[in-house]
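Student: Have a look at this fold, sequence not included:
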Ligand SMILES: C[S@@+](CC[C@H](N)C(=O)[O-])C[C@H]1O[C@@H](n2cnc3c(N)ncnc32)[C@H](O)[C@@H]1O
């Protein structure tokens, strides 16, 4: 089901979706409870229900620890026929069997223990389930076959996968037609994420695929299980084209452009992509190294441009030249992605990469990969090892200083998930304040009111979750459940009882969070020096 949109030719080329009336910020614009195809990706086949896409990761995984929106569901069980796909309930299994699994089960069983790649499983499902009247719509989507052909490695892969899909599906379509379909899937499929943005699957729907890209989009897509929603991030005028970001749009222009050309075969010409050279935006630019200058040197330097500060005229030291900065950026990403060039464990590699960038003193906190390094430390080092104080201070850094720049709307779903992570970490810290003081001695003098912070954050989240994820979403349900638990605790104490029922602004969250700013300052001092944070 879609709301208030129609499809027509887009100035970007091909077709796009356009609003038929003015749309308010936060309003639901596209709502597709049943996308045509969804499959778990290869890494999540055994952790996701193949029908509703509920994700049940192994214990200890970050999202499960604090944000598990699907906590009350049953465990997943294999289909006893193929023992390849899993389901969370008999109902899900029955529905999936009727819709499509009866056509793939024996093939999966014959191939086991080999498992077909997600993109081939998705293409086969598309061949099995694509209703007659949708084929025309699908065939009209961009395939970029010529673009794939120009990249010999990708073309080989396309041919291999399409051959597999053609053979295993035993479709009446020709191999050539299946190849066209496979290319369309590559260009038009969407990464299916959990409500907390963990990628778990592949989704394809001919209507959702029509939404074109902008690095400064007016809408954002979320999933709740298999259900897909698009909500406005700002007011959208009548007849305005709907846009989402296909990629991580927090990265600088040269990186976004490379990724869009590589994966989607187009050069983005949005306002961010065309104005980055003059930009004072910390996502794009670097701080001038001269201590007396408050200017930025532009992202142009990363494109081989001028290496002098336009305001004070200082020439950048040699390590700040284009190749030097790009090399540092690449090294940082390699560490985030788990492919560092130097040996060492993940934790020390991440800390070292953070320190390298902080010690330059020109790399803004909001310039990637700095935030990604912090996020990786929180998610894959500190939380899994129960290093709560460290997880809390790094989370607070992102919440206070990065998220307002990356996600200016307070109701942006990523910002809401980060706020909920932070609330959960403060809740954890409230049970053991001594650990925080041991890890960060400055915390001793703060006399933090943990209850006030947790309650204030939860109130803020509840105020926005209806437009970030939808008031009936499983994530909203998780938030309300947590709020209920905290409310019970607060009512039990004379000093905190009064907060229940207060409005967000009355609780004093900002003032209380202001107290913990000194922990972030201490973290920065350690990172910029040789101290260990
Ligand atoms: C998911 S499809 C979007 C629907 C597409 N316009 C169509 O008609 O099939 C992605 C493709 O649309 C085009 N596209 C999307 N956003 C674009 C943009 N901002 N500028 C140029 N082309 C864009 C590119 O060809 C890209 O590979």
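Tutor: Looks like it came in fine. Just so we're clear, the structure is a prediction, and the values are computed from it rather than from any experiment. Numbers count the residues shown, from 1 in each chain.
Student: what packs against the helix or strand hosting residue 229?
Tutor: Here residue 229 sits within strand 227-232, counting by DSSP states H and E. Applying 3 or more C-beta pairs under 8 Å, 6 or more residues apart in numbering; DSSP states H and E, we find strand 227-232 packed against strand 28-32, strand 219-224. (C-beta placed from N, C-alpha, C; glycine too.)
Student: Just after it, pick out the following helix or strand.
Tutor: Downstream of strand 227-232, the next assigned helix or strand under DSSP H and E is strand 243-244.
Student: so what secondary structure elements neighbour the longest helix belonging to the chain?
Tutor: Identified as the longest helix of the chain according to DSSP state H is helix 509-528. Identification of packing neighbours for helix 509-528 by 3+ C-beta pairs under 8 Å, 6+ apart yields helix 346-360, helix 388-397, helix 450-465.
Student: quick one, which of those helices is nearest to the ligand?
Tutor: helix 450-465 (28.0 Å; C-beta to the nearest ligand atom).
Student: Next, the buried residues of the next helix or strand after the closest one.
Tutor: Sequence-wise, the next helix or strand downstream of helix 450-465 (DSSP H and E) is helix 474-491. Residues 474-479, 482-483, 486-487, 490 are the ones in helix 474-491 that count as buried (16 or more other C-beta atoms under 10 Å).
Student: Same check on stretch 459-477?
Tutor: 459-462, 464-465, 467-470, 473-477.
Student: Stretch 355-365 too?
Tutor: Neighbour-count burial for stretch 355-365 flags 355-358, 360, 362-365 (criterion: 16+ other C-beta under 10 Å).
Student: and what of stretch 104-122?
Tutor: Quick answer for stretch 104-122 (16+ other C-beta under 10 Å): 104-105, 107-108, 115-122.
Student: Tell me the one of those nearest residue 259?
Tutor: residue 119 (18.1 Å; C-beta to C-beta).
Student: That closest one against residue 191, yeah?
Tutor: No. At 11.9 Å, residue 119 does not count as touching residue 191 under the criterion of C-beta atoms under 8 Å.
Student: anything in contact with each of these two?
Tutor: Common contact partners of residue 119 and residue 191 (C-beta atoms under 8 Å, 6 or more residues apart in numbering): residue 202.
Student: Can you name the residues of this structure sitting close to the ligand?
Tutor: 10, 12-16, 141-142, 144, 187-188, 209-210, 212-214, 264-266, 268 (C-beta under 6 Å from any ligand atom).
Student: Residue 343: which of the helices and strands packed on strand 227-232 is closest?
Tutor: Closest approach to residue 343 among these (C-beta to C-beta): strand 219-224, 37.6 Å.
Student: Strand partners (parallel or antiparallel) of that closest one?
Tutor: Within its sheet, strand 219-224 is paired with strand 227-232 (antiparallel), according to DSSP bridges.
Student: which residues touch the strand it pairs with?
Tutor: Contacts of strand 227-232 (C-beta under 8 Å, 6+ apart): 23-35, 190, 203, 205, 208, 211, 218-223, 242, 244, 467-468, 470.
Student: go with 7 Å
Tutor: Under the contact criterion C-beta atoms under 7 Å, 6 or more residues apart in numbering, strand 227-232 has outside partners 23-33, 35, 203, 205, 208, 211, 218-222, 244, 467, 470.
Student: Tell me which residues touch the residue in the stretch 1-150 of the chain that the ligand sits nearest to, please.
Tutor: The ligand sits closest to residue 14 of the stretch 1-150 of the chain, with a gap of 2.5 Å, by C-beta to the nearest ligand atom. Taking C-beta under 7 Å, 6+ apart, we find residue 14 in contact with residue 142.
Student: 8 Å instead?
Tutor: For residue 14, the contacting residues are 141-142, 212, by C-beta under 8 Å, 6+ apart.
Student: Neighbour-wise, which one of these leads?
Tutor: Highest neighbour count within the contacts of residue 14: residue 212, with 22 neighbours (other C-beta atoms under 10 Å).
Student: Help me confirm that it comes into contact with residue 9.
Tutor: No. Counting by C-beta under 8 Å, residue 212 does not reach residue 9; the two are 11.1 Å apart.
Student: so what sits against both of the two?
Tutor: Joint contacts of residue 212 and residue 9 (C-beta under 8 Å, 6+ apart) are residue 16.
Student: so where's this structure shaky on pLDDT?
Tutor: 1-2, 58-74, 130-131, 276-279, 298-307, 318-319, 340-342, 530-533 (pLDDT under 70).
Student: From the residues of the chain next to the ligand, list just the buried residues.
Tutor: For the residues of the chain next to the ligand, buried by 16+ other C-beta under 10 Å: 10, 12, 15-16, 141-142, 144, 187-188, 209-210, 212-214, 264-266, 268.
Student: any idea whether residue 143 is helix, strand or coil?
Tutor: coil (DSSP: H, G, I helix; E, B strand; the rest coil).
Student: so what's it closest to, chain neighbours aside?
Tutor: residue 183 (4.1 Å; C-beta to C-beta, 6 or more residues apart in numbering).
Student: Can you give me the buried ones in the host helix or strand of the one you found?
Tutor: Using DSSP H and E, residue 183 falls within helix 175-188. Residues of helix 175-188 classed as buried: 177-188 (neighbour count, 16+ other C-beta under 10 Å).
Student: Check which helices and strands that helix sits against.
Tutor: helix 118-129, helix 132-140, helix 145-150, helix 152-169.
Student: between those helices, which one is nearest to residue 447?
Tutor: It's helix 118-129; of the helices and strands packed on helix 175-188, that one is closest to residue 447 (C-beta to C-beta) at 51.3 Å.
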